[in-house]
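*Asks:* predicted structure and sequence below. I'll ask about it afterward.
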Amino acid sequence: MGYGTTRSLERVLASCGLLISANLRFICGDDVPQGGVLCALPALLTEGLLRHTRSFYSLPAGYYPLESIFLYLALLALVRCPSLEQTRYEAPGEWGKLLGLDRLPEVRTLREKVGTFCAQEGRAAQWQSRLAKEWMAAVGGSGEEANPEGVGLFYVDGHVRVYHGSLGPLPRRYVARQKLLLRGTTDYWVNGLGGAPFFVVTQAVHAGLIAALREQVLPRLLAEAPQVDAAQLAADPRAMRFTVIFDREGFSPKFFAELSEQRVGVLTYHKYPGEHWPAEEFCTQSVRLPTGEVVERALAERGTQLSNGLWMREVRERSADGSQSSILSNHHGLALTQIAVWMPARWSQENFLKYMREHFGLDRLIEHGTQPLPETTVVVNPAHRRVDQQVRRERGRLQRLAAQFGALTLPPQATPPQIQDFEQTGGQLREQIQAQTGVLEDLKKQRKATPRKVPLKDLPPAERYRQLCPESKHFNGGLEKIRNSSVEFPQRIGNIGSVMIEEEENQLELMKFHWEKWREEANRFWKQVAFVTIALIALDLFQLDVLQFDFKNVKLLPGINSETLKRWLICPISVWLWLTILFSLVDFLRHRVPEKYEPLIHNNSCPIPGLRRRLDLKVIGRSLYLFIVGIYLLILGGWVVYCSWKVWV
């Protein structure tokens, strides 16, 4: 059954198909490794880790409950276990104590459970959608601690997951952090103010940020995100449903006009800002950052007209070195300081993606396998790409020949051999340039005749792009968002309302007097120290009855009810233990010294010196041993009778 297994009866019942799932029963433990990760359990539950698991997922009858698998996956990531394969190096028995079981599931078992979760395509996306809708609705809080800042504010940014395998050709993408064109899949993350993740959409064939916003992100936000009601939109022409923030990749006057028609606010950087504004236009204003810090910023604002005639607000911030950053917005109801704070706060999303990549394996391949793309998908023609590469190559050669021809000169007092060599070299270069020009023109005509984009069905089978299996990644993405939210103690965990979390917040407040960047250092403390420290598990037996055996999770065979199972299991065990105790007591009372030594002992005529004393010690030792065994069995029998009585009642 494996190391750390202590609940053999329930495992046997599960192997026979008689147990739906084992009950969680906690026991006391000292110095449990990585027990500090239980500090994140309230946050995980508050973020919705187990809120809808029974609605979307199920497991066949077995030993491990559904909730324990979700908790194991979340807690293992919090202690920086990079993958399921690495769980073989964790202590199984100690991890079992953390969640009320006997041991951690094996790698094969965990993979089977995750495979069961991801068997139905689209279920992980539905689970994420349900959680994202609740997270977006919960932004800002409620009651006395309500904070409207950040409500209806969504940051959108792309992230490329590079693929290094060889199962199928994937489209190439430009990876900015590596400055290379690599094969992979583009994910577009939607986050809130401060970097809190909401949901993610995937583009198997990269069509750009504008296409992702128009086709995937905005329809989902319009359907699920909290919005300004219709009455307020009709009463206030400057009101917007919500606001999306993205980088310069989404700059498009035509797209801005579409967003304005849908009453969706936009914040982005100006791609073509033009000349610097005069320094006299800027005025220093105090702005409050999302972290609560108040800083001084030099701000100025104008109205600007884009190429399609659309008027937008242009806000500029002037730094100490004189450089200016230009921000565009169609939301005329926002204050100048809000625009100056919300746009630079986009870096919280960049930090989120970097943190998830380094600590939670955001780019890790979850499942080995690819799927075919729909045949109607329009992709870049590989033949057009090859011809375009040839055009670029031949144009470079032509430019190098032209540079050599332009650098060819005669000295002031040239000799006849020098003149002859100049004419020959110039003639050869001229002929090469003419030939290279002809080759380049032919390649340009070939490129023009080759369509740049074609449907996937028109490509040869060997060149048809494929996509990675998305279900496992979406399932893991939901867990990643919950795990990231649970470790953000200072920002998100304060709404739990538990005494323990309030105490942690008080400790974080004390830390800021000792650390300059107290919030970042406090986060690092919880993530790298508190989650992996040892812990003491203590139980209150007056409130937690760990002796009761629950038959509600027992799956009965046809013709067998719970009363029959009680008689089969509890009564035979009790009878056997009481008979064992009875025979032990009888043997203790009737115990005698071996017959051949009895006359010698009774007549005090033992010929062997010390034999009588050794025999006396042997009799006393055996009697004491049997007495201790009898007392132990008596206590054990009483415990079983108590369990039987609890079940029977």
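*Replies:* Structure received. Numbers count the residues shown, from 1 in each chain.
*Asks:* count the neighbours of Asp41 for me.
*Replies:* Let me fix one detail, which is that residue 41 is Leu and not Asp. Per other CB atoms under 10 Å, the neighbour tally for Leu41 reads 18. All C-beta spots, glycine's among them, are computed from the backbone N, C-alpha and C.
*Asks:* now do the contacts for Glu296.
*Replies:* When contacts are counted by CB atoms under 8 Å, 6 or more residues apart in numbering, Glu296 touches 284-287.
*Asks:* take those and keep only those in strands.
*Replies:* Among these, the members falling in strands are 284-287 (criterion: DSSP state E).
*Asks:* sorry, back to before: and the contacts of Glu296, which is closest to His331?
*Replies:* Checking the contacts of Glu296 against His331 by CB to CB gives Val287 as the nearest, at 16.8 Å.
*Asks:* mind pulling the model confidence for that closest one?
*Replies:* Here the pLDDT value assigned to Val287 is 90.
*Asks:* tell me where the stretch 201-350 of the chain has strands.
*Replies:* Using DSSP state E, counting those that start in this stretch, the strands of the stretch 201-350 of the chain run over 243-245, 265-269, 283-288, 294-305, 311-318, 324-329.
*Asks:* that older thread, how about the ones in strands among the contacts of Glu296 in JSON lines, adding distance to Gly168 and neighbour count?
*Replies:* Putting these into JSON lines (distance: CB to CB, whole Å; neighbours: other CB atoms under 10 Å) gives the following:
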{"residue": "Thr284", "distance to Gly168": "56", "neighbour count": "9"}
{"residue": "Gln285", "distance to Gly168": "54", "neighbour count": "14"}
{"residue": "Ser286", "distance to Gly168": "55", "neighbour count": "9"}
{"residue": "Val287", "distance to Gly168": "49", "neighbour count": "19"}
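*Asks:* out of these, who's nearest Val12?
*Replies:* Val287 (65.5 Å).
*Asks:* from Ala320, how far out is the closest one?
*Replies:* 16 Å (CB to CB, to the nearest Å).
*Asks:* got it, and Phe154?
*Replies:* Phe154 is 31 Å from Ala320, where distance means CB to CB.
*Asks:* these two: who's more crowded?
*Replies:* Neighbour totals were compared for Phe154 and Ala320, and Phe154 leads with 24 against 6 (other CB under 10 Å).
*Asks:* what angle do the helix or strand harbouring that one and strand 265-269 make?
*Replies:* Under the criterion of DSSP states H and E, Phe154 resides in strand 153-162. Interaxial angle of strand 153-162 relative to strand 265-269 (axes from the mean of the first three to the mean of the last three CA atoms, to 10 degrees): 50 degrees.
*Asks:* show the average pLDDT along strand 153-162.
*Replies:* 89.
*Asks:* what does stretch 97-111 give?
*Replies:* 87.
*Asks:* same check on stretch 222-242?
*Replies:* pLDDT averaged over stretch 222-242 gives 87.
*Asks:* how far does it sit from its chain's centre?
*Replies:* 32 Å (CA atoms, centre = their mean, to the nearest Å).
*Asks:* pull out the buried residues from it.
*Replies:* 224-227, 239-242 (16 or more other CB atoms under 10 Å).
*Asks:* then stretch 423-442?
*Replies:* Neighbour-count burial for stretch 423-442 [16+ other CB under 10 Å]: 429, 433, 436, 440.
*Asks:* state whether Gln413 is indeed within a helix.
*Replies:* No. Counting by DSSP: H, G, I helix; E, B strand; the rest coil, Gln413 falls outside a helix, being coil.
*Asks:* what's the burial count for it?
*Replies:* If you count neighbours by other CB under 10 Å, Gln413 ends up with 6.
*Asks:* same thing with Arg220?
*Replies:* The number of residues packed near Arg220 is 16, by other CB under 10 Å.
*Asks:* show me what contacts it?
*Replies:* Neighbouring residues of Arg220 by CB under 8 Å, 6+ apart: 129, 199, 201.
*Asks:* contacting residues around the closest residue to Lys271 other than its chain neighbours?
*Replies:* Spatially, and ignoring its direct neighbours in sequence, Lys271 is nearest to Phe251 (3.9 Å; CB to CB, 6 or more residues apart in numbering). Counting by CB under 8 Å, 6+ apart, Phe251 touches 268-271, 328.
*Asks:* top of those residues by neighbour count?
*Replies:* Neighbour counts for the contacts of Phe251, by other CB under 10 Å, peak at Thr268, which reaches 25 neighbours.
*Asks:* what number of residues are in the vicinity of the closest residue in space to Met240 that isn't next to it in sequence?
*Replies:* Distance criterion CB to CB, 6+ apart; nearest residue to Met240, sequence neighbours excluded, is Gly265 at 3.7 Å. Counted with other CB under 10 Å, residues neighbouring Gly265 total 23.
*Asks:* how close does Gly265 sit to Gln285?
*Replies:* 21 Å.
*Asks:* please apply the same query to Ala340.
*Replies:* 8 Å.
*Asks:* need the overlap of contacts for the two.
*Replies:* Among the neighbours of Ala340, those also in contact with Gln285 (CB under 8 Å, 6+ apart) are 297, 299.
*Asks:* where does pLDDT dip in the protein?
*Replies:* Scanning the chain with the threshold set as pLDDT under 70 gives 1-2, 140-150, 365-367, 471-630, 632-633, 636, 639-640, 642-649.
*Asks:* can you give me the domain boundaries for it?
*Replies:* The record's domain parsing of the chain by automatic domain parsing lists 8-117+503-537, 130-359, 382-405+425-450, 562-648.
*Asks:* nearest to Ala462, of those?
*Replies:* Of the domains of the chain, nearest to Ala462 by CB to CB is domain 130-359, at 8.1 Å.
*Asks:* and that closest one, how far out from the chain's middle?
*Replies:* On CA atoms, centre = their mean, the centre of domain 130-359 falls 22 Å from that of its chain.
*Asks:* now do it: distance from first to last residue.
*Replies:* Using CA to CA, to the nearest Å, the end-to-end distance of domain 130-359 comes out at 26 Å.
*Asks:* I'd say Leu440 and Gly396 touch.
*Replies:* No. Assessed by CB atoms under 8 Å, Leu440 is found out of contact with Gly396, at 10.1 Å.
*Asks:* list the pairing partners of whichever strand or helix holds Thr186 within its sheet, with orientation.
*Replies:* Thr186 is located in strand 180-191, with elements delineated by DSSP H and E. Using DSSP bridges, strand 180-191 pairs in its sheet with strand 153-162 (antiparallel), strand 172-175 (antiparallel), strand 197-203 (antiparallel).
*Asks:* rebuild those as CSV, extending it with distance to Arg400.
*Replies:* Converted to CSV, the strands paired with strand 180-191 look like this (distance: least, CB to CB, whole Å):
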stretch, distance to Arg400
strand 153-162, 34
strand 172-175, 26
strand 197-203, 38
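*Asks:* of all the ones you listed, which one is nearest Gly93?
*Replies:* Among those, the nearest to Gly93 by CB to CB is strand 197-203 (34.0 Å).
*Asks:* quick one: buried residues of the closest one?
*Replies:* In strand 197-203, counting by 16+ other CB under 10 Å, buried: 197-203.
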